[in-house]
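> Turn this into a structure:
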Amino acid sequence: MFSNWFKKESKLFDAIHVMVDILLVCLGLWTAFALKESQGFAVYHKIFCMVTVPISVLAAAVFFHIYGVFKCEGKSYRETIFSVFLALAFVNVFTMALTLLFKAPMISITTFLFAFLFQFTYLLIWKHIVFVIYPVFYRPKTALIFSTEDDILQMTEKVLAKSKKIFEMKYICKELNQETYQLMQEVDVVIISSSTNNNHKEAIVSYCMEIDKTIYMIPELFEISLFNAKMAQFDDMPALCIENLHLSIEQRFLKRTFDIVMALVFILLSLPVMIAAYIGIKLCDGGPAIFAQERVTRWNKKFKLYKFRTMTVDAEKYTGPVLATDKDPRITPIGALLRTTRIDEIPQFFNVLMGDMSIVGPRPERQYFIAKFEQEIPDFGYRLATKAGITGLAQVLGKYTTRPKDKLRYDLLYIRNYSFGLDIKIILQTIKIMFMKVSSQGVETEKMVDKIEKESLEIVAKKVVNLE
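Residues are numbered from 1 along each chain as shown. From the prediction side, this is the model:
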């Protein structure tokens, strides 16, 4: 009873979680400082307290938020620790750089290395404690899925895939009647699929607000246009102003400037890697190292996209355009390594310099697949409202197996919510997913549900409410 009240009414646990994370970052920094700078502690103490600690706290707040360190909901301990590792690396580099910028007395690099080790150790222990006590305060929320017949299985798979610790699936409904309303009273959250007709959506949302239930809604594509809508007024009648899906002139100028600077820097830094990749491909089969393919970018402009070749020469000669599959036999041994490490994408920074692509944006597709997707998803072309990108929201939050319609949702959400800060966040999150295998797999030819999901679905199937 107490845990249910705590779950719904209080954010105290989350606040404590954040504060302890920040305090442990400071404690690790102080431990290393006291250990490594003990002889000059009196000299450095003031600058340490007035410059280094505030910078470190600010950096931790930003990078921990970007990498989701403050949240353990729906994550594994392993993923959380990897996020901590990456976030702490950026925190210490950022702190060291700004400390120098403020012309503070030089604190040795080894001090920051020791700070990283102490911080990581402290947080490793603390996160283990959090994972042990979190379920005590936050029990899984009982959930009801409302969907159409066609979407029921897919919706259930998606919810169970990474949310088994967050939601306890209780009911699945496909029709709205009096019994459905009664079932909504028994659960904590109601999840509405995008295929639900608008009349049912309106009725469910109104009822859930009335009985104080949390709602999760998979947005239809036109509903995404409502994001960030501006308030307007016609006489005494309120209205919403929904702008077109495009970036302003100022936003495009800032984005282009950032793209040029970052592309130049990355090309120079990755030059040794590109040389090694070029030699590796040549030694593997003697074929061309660079692969050029026509893709489509902003306003249907066609361009040549460059990548390091990862498949056999003329891989689509007899098959025509085909999406890559998991363990695709056309992928060469060196190609598999390049794909896993994302090194094959590096030549696209030259596309960025030429102005055909941006660092962040919807991934460029071939005209063949755009035409094919538009037959099933008429709104697919809206993703061409901005330049194609090397990485994007769909790449950091989805995966290769994500449905085109769901990727489109991410792309449209990115365009609608664009900001310079969002681009930085996506770039930093891309560094994380580069090391996560699930994000570098090809498109699967068949949807497979693992053993745990199958068992869960069998349990759920017994609770399906047939209201036909």
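> Show me where this structure dips below the pLDDT cut-off.
Across the chain, residues meeting the criterion (pLDDT under 70) sit at 1-10, 36-49, 102-107, 161-164, 315-328, 400, 436-468.
> Need the residue closest to the centroid of it.
Nearest to the mean C-alpha position of the chain, by CA atoms, centre = their mean, lies Leu397 at 3.0 Å.
> Contacts only, for that residue.
Counting by CB atoms under 8 Å, 6 or more residues apart in numbering, Leu397 touches Tyr410. Glycine gets a C-beta too; all of them are placed from N, C-alpha and C.
> didn't Gln119 look like it was pressed against Val25?
Yes. Counting by CB atoms under 8 Å, Gln119 does reach Val25; the two are 5.4 Å apart.
> Compare neighbour counts for these two and give me the winner.
Remark: of Gln119 and Val25, Val25 carries more neighbours, 29 against 26, as counted by other CB atoms under 10 Å.
> SS state for that one?
Following DSSP: H, G, I helix; E, B strand; the rest coil, we place Val25 in the helix state.
> Next one: it from Glu345, what distance?
Computed with CB to CB, to the nearest Å, the distance linking Val25 and Glu345 is 32 Å.
> what do Gln119 and Val25 both touch?
Residues touching both Gln119 and Val25 (CB under 8 Å, 6+ apart): 88, 91.
> does Gly392 really touch Leu412, like I thought?
No. The criterion here is CB under 8 Å, and Gly392 misses it with Leu412 at 11.2 Å.
> Show me where the stretch 351-468 of the chain has its helices.
Residue ranges of the helices in the stretch 351-468 of the chain, as given by DSSP state H, counting those that start in this stretch, are 367-376, 393-397, 404-416, 420-433, 451-462.
> now the angle between helix 404-416 and the longest one, please.
So that's helix 420-433. Orientation note: helix 420-433 sits at an angle of 140 degrees relative to helix 404-416 (axes from the mean of the first three to the mean of the last three CA atoms, to 10 degrees).
> Could I get the CA-only coordinates of helix 420-433 as CSV?
Output of helix 420-433 as CSV, limited to C-alpha atoms (Å, rounded to 0.1, in the frame of the first residue of the first chain):
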residue,chain,number,x,y,z
PHE,A,420,21.0,23.0,-31.4
GLY,A,421,20.9,21.4,-28.0
LEU,A,422,19.0,18.4,-29.4
ASP,A,423,21.7,17.9,-32.1
ILE,A,424,24.4,17.9,-29.4
LYS,A,425,22.4,15.4,-27.3
ILE,A,426,21.9,13.0,-30.3
ILE,A,427,25.6,13.2,-31.2
LEU,A,428,26.6,12.3,-27.7
GLN,A,429,24.1,9.5,-27.5
THR,A,430,25.4,8.1,-30.9
ILE,A,431,28.7,7.5,-29.2
LYS,A,432,26.9,5.3,-26.8
ILE,A,433,25.0,3.2,-29.3
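> Contacts for it, please.
Applying CB under 8 Å, 6+ apart, the contact partners of helix 420-433 are 63, 66-67, 82-83, 86, 90, 251, 254-255, 258, 359-360, 391-393, 395-396, 414, 439.
> residues of that helix that come out buried?
For helix 420-433, burial by neighbour count (16 or more other CB atoms under 10 Å) applies to 423, 425-430, 432-433.
> ok, now the third one?
Residues 404-405, 407-416 are the ones in helix 404-416 that count as buried (16+ other CB under 10 Å).
> Relative to Cys208, which of these is nearest.
Of all these, Cys208 sits closest to Arg409, with 21.9 Å by CB to CB.
> Which parts of the stretch 151-300 of the chain are strands?
Assigned by DSSP state E, counting those that start in this stretch, the stretch 151-300 of the chain shows strands spanning 167-173, 189-192, 214-217, 230-234, 237-241, 290-296.
> Out of those, which one sits most buried?
With neighbours taken as mean count of other CB atoms under 10 Å, the strands of the stretch 151-300 of the chain reach their highest mean count in strand 189-192, at a mean of 22.
> ok, that strand: who's next to it in the sheet?
Strand 189-192 sits in its sheet next to strand 141-146 (parallel), strand 214-217 (parallel), going by DSSP bridges.
> Output the ones you listed in TSV; the columns should cover distance to Met184.
Output for these, formatted as TSV (distance: least, CB to CB, whole Å):
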stretch	distance to Met184
strand 141-146	6
strand 214-217	10
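> Domain ranges for the protein, per the record?
2-137, 141-218+450-462, 249-435 (automatic domain parsing).
> Can you check which of these gets nearest to Ala229?
Distance to Ala229, taken as CB to CB, is lowest for domain 249-435 among the domains of the chain, at 9.4 Å.
> Run the chain-centre distance for that closest one.
Relative to the chain's own centre, domain 249-435 is displaced by 16 Å; criterion: CA atoms, centre = their mean, to the nearest Å.
> Next, give phi and psi for Phe116.
When read as degrees, to the nearest 10, the backbone of Phe116 gives phi -60, psi -40.
> Excluding chain neighbours, what is closest to it?
Spatial nearest neighbour of Phe116, chain neighbours left out: Asn92 (5.0 Å); criterion: CB to CB, 6 or more residues apart in numbering.
> and that neighbour, what element?
According to DSSP states H and E, Asn92 maps onto helix 77-101.
> Tell me what angle that helix forms with helix 420-433.
130 degrees.
> Give me the buried positions along helix 77-101.
Neighbour counts over helix 77-101 (16+ other CB under 10 Å) mark 80-88, 90-92, 94-96, 98-99 as buried.
> got it, and stretch 381-391?
382-391.
> tell me the two of these that are most distant?
Among the buried residues of stretch 381-391, the pair separated by the greatest distance (CB to CB) is Tyr382 and Ile390, which sit 20.3 Å apart.
> Could you report the distance from the residue nearest to the centre of the chain to Asn199?
Applying CB to CB to Leu397 and Asn199 gives a distance of 30 Å.
> So Ile166 sits against Glu73, correct?
Yes. Contact criterion CB under 8 Å: Ile166 and Glu73 qualify, at 5.9 Å.
> out of the two, which sits in the busier spot?
Using other CB under 10 Å, the more surrounded residue of Ile166 and Glu73 is Ile166, with 14 against 11.
> can you pull the contacts of that one?
So Ile166 contacts 73-74, 140-141 (CB under 8 Å, 6+ apart).
> If we use 6 Å, what do you get?
Ile166 is in contact with 73-74, counting by CB atoms under 6 Å, 6 or more residues apart in numbering.
> quick one, phi/psi of it?
Main-chain torsions, Ile166, degrees, to the nearest 10: phi -100, psi -40.
> ok, it to Tyr134 distance?
If you go by CB to CB, the gap between Ile166 and Tyr134 works out to 11 Å.
> okay, now Arg298: neighbour count?
Around Arg298 there are 22 residues (other CB under 10 Å).
> nearest spatial neighbour of it, skipping sequence neighbours?
Per CB to CB, 6+ apart, closest to Arg298 is Lys387, 4.6 Å.
> mind pulling up the phi and psi values for the one you found?
Torsion angles, degrees, to the nearest 10, at Lys387: phi -60, psi 150.
> Throw the buried residues of helix 420-433 into CSV and include distance to Phe349, thanks.
Formatted as CSV, the buried residues of helix 420-433 follow (distance: CB to CB, whole Å):
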residue, distance to Phe349
Asp423, 15
Lys425, 20
Ile426, 16
Ile427, 12
Leu428, 17
Gln429, 18
Thr430, 13
Lys432, 20
Ile433, 18
